[in-house]
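Novice: Got a predicted structure here, sequence first:
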Amino acid sequence: MQDFLESWLPLGCRNYKAKMMLFARVLWTLKTVRNKMAIKGVFVQAPSSIIFKFDSFIQRWRQLLRASDQATLDGWRAQVKGWMEAFLEKIRDRPLAYFFL
């Protein structure tokens, strides 16, 4: 964690607020998914669903950022969307059990 914060998110870095918001949303997403599994017994159906949940959190929280940070965040979202589309295309024909071996 310390290495991540010192290298990717050093205090005062470029786009600090947008990166901090992303970092907080990643942690929040993982916490909510973990709590659903631990407390309610609801398990993730596919790894990509965690990323979609994260994206929905980002869409709801982006309005709290300045316009310039929103634009940066939108660029990052577009990049992740491209990665997800490529990933989903690769795994489209694989059985779901493949991911949980």
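Specialist: Sure thing, it's come through.

Novice: tell me the SS of residue 63?
Specialist: The three-state label given to residue 63 by DSSP: H, G, I helix; E, B strand; the rest coil is helix.

Novice: Numbering from 17 from now on, please.
Specialist: That works, and once the first residue is 17, the last one we named lands at residue 79.

Novice: Let me see the confidence value for it.
Specialist: Model confidence at residue 79, given as pLDDT, is 86.

Novice: Which residue is the nearest non-sequential neighbour of it?
Specialist: Closest residue in space to residue 79, ignoring its immediate chain neighbours: residue 86 at 7.6 Å, by Cβ to Cβ, 6 or more residues apart in numbering. Just so you know, the C-beta spots here come from the backbone N, C-alpha and C atoms, and that holds for glycine as well.

Novice: How many residues are close by that neighbour?
Specialist: 14 (other Cβ atoms under 10 Å).

Novice: What residues of stretch 67-79 count as buried?
Specialist: Of the residues in stretch 67-79, 67, 69-71, 73-74, 78 count as buried by neighbour count, 16 or more other Cβ atoms under 10 Å.

Novice: Can you lay out the residues you listed as CSV showing distance to residue 104 and secondary structure?
Specialist: Compiled in CSV, the buried residues of stretch 67-79 are given as follows (distance: Cβ to Cβ, whole Å; DSSP: H, G, I helix; E, B strand; the rest coil):
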residue, distance to residue 104, secondary structure
67, 10, helix
69, 15, helix
70, 15, helix
71, 13, helix
73, 19, helix
74, 18, helix
78, 23, helix
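
Novice: Out of those, the closest to residue 32 would be?
Specialist: Distances from these to residue 32 were compared by Cβ to Cβ; the smallest belongs to residue 78, at 15.7 Å.

Novice: pretty sure that closest one contacts residue 89?
Specialist: Yes - shown here, residue 78 and residue 89 form a contact pair, counting by Cβ atoms under 8 Å, at 5.4 Å.
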